[in-house]
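J.: Following is a predicted model, sequence given first.
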Amino acid sequence: MSASIEPSVFSRIVAREIPADIVFENEHIIAFRDIAPKAPVHILIVPKTEDYRDVTELAAGDPALLAELIATAQQLADQHSAGEFRLVFNTGSSAGQTIFHVHAHLLGGHLPEGTLGN
Ligand code: AMP
């Protein structure tokens, strides 16, 4: 369970307390464009629950929700980046994680070959 008291930025987007360019939403998941895109297509895919801080907690606690997140990534890539994509889960602050509410970065749109970033 998350130890945070305040809702995360992402929960505030779910609650429509702060604006976002939402591209997908269902009962379990929301997806919206990253405010500081690192690729031509950069969408964050976020389980609505705040129970999981990172992808390892999500995989252990609700593998079906992780599988749904991956399926959503493919669906969004089909719509926004010709079906091809890179999926990044920053896990821990030294790996660049800044928001401890699990989320996937869907990156796409002609990324350089042989790289993991840009
Ligand atoms: P991470 O560093 O992996 O925790 O990713 C957090 C991401 O959230 C960063 O890429 C930020 O640019 C993005 N971000 C932070 N606030 C917002 C917001 N209000 N709307 C959209 N993206 C955001």
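T.: Sure, I can see it.
J.: contacts and neighbour counts: CA atoms only from here.
T.: Will do.
J.: Spell out which parts of this protein neighbour the ligand.
T.: 20, 33-36, 90, 96-99 (CA under 6 Å from any ligand atom).
J.: Quick one: buried ones out of the residues you listed?
T.: Buried subset of the residues of the chain next to the ligand (neighbour count, 16 or more other CA atoms under 10 Å): 20, 33-34, 90, 99.
J.: Mind picking the two most distant members of the residues you listed?
T.: A20 and N90 (20.7 Å; CA to CA).
J.: And the helix ranked longest in the chain, what's buried?
T.: Assignment by DSSP state H gives helix 63-80 as the longest helix of the chain. Residues of helix 63-80 classed as buried by neighbour count (16+ other CA under 10 Å): 66, 69-70, 72-74, 76-77, 80.
J.: again, but for stretch 21-41
T.: 25, 29-34, 39, 41.
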